[in-house]
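K.L.:
quick check, what structure comes out for this input:
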Amino acid sequence: MNDLIGVAAGKIWEYLAQNGAASATKIARETALDSKVLQRAIGWLAKEDKLSFETKGRNELISLR
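P.N.:
Numbers count the residues shown, from 1 in each chain. Prediction:
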């Protein structure tokens, strides 16, 4: 499972590097990652202080630091 989360974290990193800030829903849709794996990978990247989070209205946007 850790390998799967690590691969997902890499996909999220690449997606954000290429596309800029996005919601978790948009990242999941465009990377085809399972929502549970996506959330775990976001948590991993956040723990490593690699992500920033910004709330705009009802949406939370995730971006690279």
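K.L.:
might you report the residue contacts of the residue of the chain most remote from its centre?
P.N.:
What lies farthest from the middle of the chain is G57; by CA atoms, centre = their mean that is 19.1 Å. By CB atoms under 8 Å, 6 or more residues apart in numbering, the contact list for G57 is empty. Where you see a C-beta, it was placed from the backbone N, CA and C, and this is true even at glycine.
K.L.:
just checking, Y15 touches A28?
P.N.:
No: Y15 lies out of contact with A28 (CB atoms under 8 Å); the separation is 10.1 Å.
K.L.:
count of neighbours near V37?
P.N.:
Neighbourhood size, V37 [other CB atoms under 10 Å]: 18.
K.L.:
just the element for it, please.
P.N.:
Element membership for V37, per DSSP states H and E: helix 35-47.
K.L.:
average pLDDT for that helix, rounded please.
P.N.:
Helix 35-47 comes out with an average pLDDT of 96.
K.L.:
stretch 10-20 now?
P.N.:
The model assigns stretch 10-20 a mean pLDDT of 97.
K.L.:
rewinding a little: after the helix holding V37, next one along is what?
P.N.:
Downstream of helix 35-47 (by DSSP H and E), the next one is strand 51-56.
K.L.:
mind checking what helix or strand follows the biggest helix by length in the chain in sequence?
P.N.:
When the chain is parsed with DSSP state H, its longest helix is helix 2-19. From helix 2-19 onward toward the C-terminus, using DSSP H and E, the following helix or strand is helix 24-31.
K.L.:
show residues contacting that following helix.
P.N.:
11-12, 15-16, 19, 22, 33-35, 38-39, 42, 60, 62.
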